[in-house]
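Peer 1: Would you be able to build a 3D model of this:
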Amino acid sequence: MPLRRSTVRGREFGDAIRALLRAAGLTNRAAADLLGWQEAKVSELVNGKEGTTAIELAKLLGLLRTPPAEFDHLMALHHELSTRDWLQPTKSGMTDRARTLREHEKIASNITGWSMNVVHGLLQAPDYITYVVNASTKLSADERPAVISNRIARQKSVLDGYRTVTIYMHEHALRLPVGSPDVMAEQYHHLLRLSVRPYLTIRVIPTALGPHAGLAGDFDLLQFKKIPPIVYVESEGANVFLEDQPSVGLYDTVIASLGRTALDEAQTRKLITDIIGEESRGDQVAEE
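Peer 2: Residues are numbered from 1 along each chain as shown. Purely as a prediction, here's the structure:
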């Protein structure tokens, strides 16, 4: 079956229209009848396709009693449904900056992540998440509780066994102190508990290796059954979704290199266990 041509923007737009119809208890046909349209026009919107005017979209969103923030978001998306690659500035006014990633993770068949400085977000224990989020300078104090709860919910959604997940991390991410020794101890044990899940692979790049293919920074590669893969990159100033396949291919190459040089799963578990032992011995020496 050929891959379906669509965009990140188009899929988010279509999913949002579908959710609004569902919340209103309307089918595509029922909404079309109320607006005096052909059903095909609503179907095009649900599928994230262009073909309707801004005025027509506004009429549909009004019918569906769309909240103001969502109305503005969808009206803005409507102008760029076919545009590939999406840079979302941190201060763009989007009410939920994790929304696009979360919606694509739900439909992904395989996710491969790389994290160089901290434990990957999908593998962070709750207290570890809290310390990482509170260290951010791009989040206000009011935003942080929602971000923490969203990250925990994201983990439950992704690590549910319906997709394979492979996470590469640098050894530095394991050794960077985050919070108290108790927080780190729980994080190490959390990784060991996760590592036995059959659909989840955790592999570490050892510090002794020196320079490696992932030096450019963290990213996630999402692969799907019916649409082309995308890459997600998060930075201080923006979230970026790459859809251009030559660009995505560069990240494939990075992953292949990490796969050749990382410790295997058993070696990774042994490294984590060794670090736990080192920390425990360090605590004993401190007490003496």
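
Peer 1: show me where pLDDT drops low in the stretch 51-200 of the chain?
Peer 2: By pLDDT under 70, the weakly predicted segments of the stretch 51-200 of the chain are 91-97.

Peer 1: Tell me where the protein has strands.
Peer 2: Secondary structure of the chain, counting by DSSP state E: strands at 86-89, 110-115, 164-170, 200-205, 219-223, 230-234, 238-242.

Peer 1: what's the angle between the longest one and strand 200-205?
Peer 2: Read it as strand 164-170. 20 degrees (axes from the mean of the first three to the mean of the last three CA atoms, to 10 degrees).

Peer 1: how about the nearest residue to P126, chain neighbours excluded?
Peer 2: In space, P126 comes closest to I152 once its chain neighbours are excluded; the distance is 6.1 Å by CB to CB, 6 or more residues apart in numbering. Yep, even glycine has a C-beta here, placed from its N, CA and C like the rest.

Peer 1: Do I have it right that that neighbour meets Y128?
Peer 2: No - here I152 does not reach Y128: they are 11.0 Å apart, not a contact under CB atoms under 8 Å.

Peer 1: Which one's more surrounded, the two?
Peer 2: Y128 (20 against 15; other CB atoms under 10 Å).

Peer 1: what sits against the more buried one?
Peer 2: 119, 178-179, 183-184, 186-187, 190 (CB atoms under 8 Å, 6 or more residues apart in numbering).

Peer 1: Serialize the residues you listed to CSV and add fields for neighbour count and distance to A135.
Peer 2: Converted to CSV, those look like this (neighbours: other CB atoms under 10 Å; distance: CB to CB, whole Å):
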residue, neighbour count, distance to A135
V119, 24, 13
V178, 19, 8
G179, 17, 10
V183, 16, 13
M184, 23, 15
E186, 16, 18
Q187, 24, 15
H190, 17, 19
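
Peer 1: Which single one of those residues is nearest to S157?
Peer 2: Nearest to S157 out of the contacts of Y128 is H190 (CB to CB; 17.4 Å).

Peer 1: ok, the spatially most central residue of the chain - contacts?
Peer 2: Centroid-nearest residue in the chain: L101, 4.0 Å away (criterion: CA atoms, centre = their mean). By CB under 8 Å, 6+ apart, the contact set of L101 is 154, 220, 232, 239.

Peer 1: Columns neighbour count and distance to T201 on top of the residues you listed, output as JSON lines?
Peer 2: Putting the contacts of L101 into JSON lines (neighbours: other CB under 10 Å; distance: CB to CB, whole Å) gives the following:
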{"residue": "R154", "neighbour count": "17", "distance to T201": "19"}
{"residue": "D220", "neighbour count": "24", "distance to T201": "14"}
{"residue": "Y232", "neighbour count": "22", "distance to T201": "19"}
{"residue": "N239", "neighbour count": "19", "distance to T201": "25"}
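
Peer 1: Sweet, I'm off.
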